[in-house]
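Enquirer: Can you look at this prediction? I've put the sequence above it.
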Amino acid sequence: MIPVIALLADFTWHNWYIGVMKGVIASVNPSASIIDLCHNVSSQDVREGSFVLGSSFAFFPRGTIFVGILTSIFEKTKVERVCAVSPGKYTLTPKGATFFGRDIFAPVAPHLSLGVPPGEIVGEVKSVLTVPALRPSINEQGDNGKLMAIVNSRGLIEIAVNRGNAFRYLGLKEKKSLEIFMFRAVQ
């Protein structure tokens, strides 16, 4: 079976970072199948990246190696072991403190896909800092105007504008949580 490596990042498509990471992966394992899950996660938005992965990982083949944010995995499934990756035999030498995607994560993924035992690459950790998903809450005062709340295909509340874009309609600059005001008609 061809190993699958899925990439998730906040790099966007407007630079060479994703291409460089794919080059590093292909240098180690040219037969790996690389899937671009998403590269437009809002900058440093752990919750958004976690949401993307949590909404997607179940649709990938068993054994897929995900290079990205893992927080939501703890909410969706039983995690048997967590490991930390440090520079070493299976990584590039970091050229700075900002591109660990290229220097650490990209080279580790294809080594794992080639069957290198995780214990040779990573060290097990005892605890993990996770960022819990935000859950919708109801505020019964206010008016939604032209906005609407719908239940999406994952059973979550989604804010929408009929034949429009709620993100632009609200003038949002970052993808953050919203407070939804609900009201009930008095009978």
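Expert: Nice, thanks for sending it over.
Enquirer: centroid residue for this protein?
Expert: Of all residues in the chain, the one closest to the mean position by C-alpha atoms, centre = their mean is residue 49, 3.1 Å from it.
Enquirer: Could you look up the next helix or strand downstream of the host helix or strand of that one?
Expert: Assigned by DSSP states H and E, residue 49 belongs to helix 46-56. Read in the C-terminal direction, the helix or strand following helix 46-56 is strand 65-67, with elements assigned using DSSP H and E.
Enquirer: what's that following strand in contact with?
Expert: Residues from elsewhere that reach strand 65-67, judged by C-beta atoms under 8 Å, 6 or more residues apart in numbering: 3-9, 21, 37, 53, 57, 60, 101, 105-106, 109, 112-113. To be clear about C-beta, it is placed using only N, CA and C from the backbone, and glycine gets the same treatment.
Enquirer: Please repeat the previous calculation with a cut-off of 6 Å.
Expert: 5, 6, 7, 105, 109, 112, 113 (C-beta atoms under 6 Å, 6 or more residues apart in numbering).
Enquirer: Check stretch 161-170 too.
Expert: Stretch 161-170 has contacts (C-beta under 6 Å, 6+ apart) with 147, 159, 160.
Enquirer: of all these, which comes closest to residue 122?
Expert: Residue 122 lies nearest to residue 159 out of the contacts of stretch 161-170, by C-beta to C-beta, at 39.1 Å.
Enquirer: did I read that right, the closest one in a strand?
Expert: Yes: with DSSP: H, G, I helix; E, B strand; the rest coil as the criterion, residue 159 is part of a strand.
Enquirer: Around it, how many other residues sit close by?
Expert: Taking other C-beta atoms under 10 Å as the neighbour definition, residue 159 ends up with a count of 16.
Enquirer: now it, which residues is it bridged with?
Expert: With DSSP bridges applied, residue 159 shows beta-bridge pairing to residue 149.
Enquirer: Can you check the pLDDT for it?
Expert: Turning to residue 159, the model gives it a pLDDT of 80.
Enquirer: distance of it from residue 103?
Expert: The span separating residue 159 from residue 103 equals 38 Å under the rule C-beta to C-beta, to the nearest Å.
Enquirer: what does residue 134 give?
Expert: As it turns out, when the distance is counted by C-beta to C-beta, residue 134 lies 32 Å from residue 103.
Enquirer: In terms of neighbours, single out the busier of these two.
Expert: Under the neighbour definition other C-beta under 10 Å, residue 134 and residue 103 were set side by side, and residue 103 has more, 20 against 11.
Enquirer: Assign the more buried one to helix, strand or coil.
Expert: Counting by three-state DSSP, the backbone at residue 103 sits in helix.
Enquirer: Isn't it up against residue 96?
Expert: No: distance between residue 103 and residue 96: 8.3 Å, which falls outside the contact criterion (C-beta atoms under 6 Å).
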